[in-house]
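Undergrad: no FASTA, just this:
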């Protein structure tokens, strides 16, 4: 009887255990099914979100391309009327003897040049953003090149009583560089330094060859220091942002678009270089640019801007026109002696203006 009772109890316990296991398996299968369903829903949501992000990214890229095309097209469209303003204004300023008229013509000239400079900067940023800027390298003496750019501020320094200097560790430094883009970098830094330096202040420029150190390659190192009011450390991280102004109020003391330093940084990075600002309030921000440029053999002529783009060509043409008006050259004695000039221009005002300029 005990044996039968034991077997019966064992069978009942085995059946109960089997039922418990079956219930656990059923619960587990249900949970797996629920989790699988939830996971599938999550994957579907993630895929949907991925598609939405891809569409948003495509729309943003298209918007960026449209913006770049608009800036490029608008910049080119602005150049023609600006040239038509600069040329006649220079002619009037050179020819008129009436002081008020000359003053008005010079006012037009200054502000038209300023607007043209801003347009050129916008176009440069647009091209950098679109990856359309390439380096055009040529050997030359960087010391003589930078010294000439610093010397261009001689008149401004004298007018404002600012002491400025250029220092180089060696009399010549022959490297391979893009003259047009290096000129923009140097002039932007100098313009910024002179703009924020008060009268009786100082602007110092130093050029040297920096050897490789701390994972930084050897290269040309340019430092610009000034005795301006400086910028706070909280604003320092934003000075290279496009259109950023440390003082964005309507009553700010200095005018500006917030493009110059942003363009400078992108041109430096196009060379694979770096630009660093260190500043504190009460002192101007020393800017240090380091460009990993290869050394060149001494004796090659100093390079001129070689950018064959329409922007550079238009800027060079405008510069030549201004120089021609400031210092008119000898005129042909008669129409018979005048050279034949073919002008291809779709703007009728520009054709008429060039006709008057080129007429004997």
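TA: Everything's here; your move. Not measured: the values here are computed from a predicted model.

Undergrad: name the helix or strand for residue 156, please.
TA: Secondary structure assignment for residue 156, by DSSP states H and E: helix 154-160.

Undergrad: helices of this protein, start to end?
TA: Ranges of helices within the chain are 2-95, 99-129, 142-151, 154-160, 179-196, 233-236, 260-270, 310-326, 348-358, based on DSSP state H.

Undergrad: weakest of the ones you listed by average pLDDT?
TA: Among these, helix 310-326 has the lowest mean pLDDT, at a mean of 36.

Undergrad: about what we covered before: show me what the helix holding residue 156 is packed up against.
TA: Applying 3 or more Cβ pairs under 8 Å, 6 or more residues apart in numbering; DSSP states H and E, we find helix 154-160 packed against strand 163-168, helix 179-196. All C-beta spots, glycine's among them, are computed from the backbone N, C-alpha and C.

Undergrad: so the last one versus helix 99-129, what angle?
TA: Angle of helix 179-196 versus helix 99-129, following axes from the mean of the first three to the mean of the last three Cα atoms, to 10 degrees, is 120 degrees.

Undergrad: now swap in the first one and tell me
TA: Between the axes of strand 163-168 and helix 99-129, defined by the same axes, to 10 degrees, the angle is 40 degrees.

Undergrad: just the helices and strands packed on helix 154-160: most buried one?
TA: Counting by mean count of other Cβ atoms under 10 Å, helix 179-196 has the highest mean neighbour count of the helices and strands packed on helix 154-160, with a mean of 21.

Undergrad: from the contact counts, what lies against it?
TA: Against helix 179-196 (3+ Cβ pairs under 8 Å, 6+ apart) you get helix 142-151, helix 154-160, strand 202-210, strand 219-226, helix 260-270, strand 287-291.

Undergrad: number of nearby residues for the closest residue to residue 355 other than its chain neighbours?
TA: Excluding the flanking residues, the one nearest residue 355 by Cβ to Cβ, 6 or more residues apart in numbering is residue 343, at 7.8 Å. Other residues lying near residue 343 total 9 when counted by other Cβ atoms under 10 Å.

Undergrad: next one: residue 89
TA: 22.

Undergrad: contacting residues around it?
TA: 105, 106, 108, 109, 112 (Cβ atoms under 8 Å, 6 or more residues apart in numbering).

Undergrad: how does it look with 10 Å?
TA: 104, 105, 106, 107, 108, 109, 110, 111, 112, 113, 322, 325 (Cβ atoms under 10 Å, 6 or more residues apart in numbering).

Undergrad: nearest to residue 6, of the helices and strands packed on helix 154-160?
TA: helix 179-196 (97.5 Å; Cβ to Cβ).

Undergrad: rewinding a little: just to check, the residue nearest to residue 355 is in contact with residue 354?
TA: Yes. Using Cβ atoms under 10 Å, residue 343 is in contact with residue 354, at 5.4 Å.
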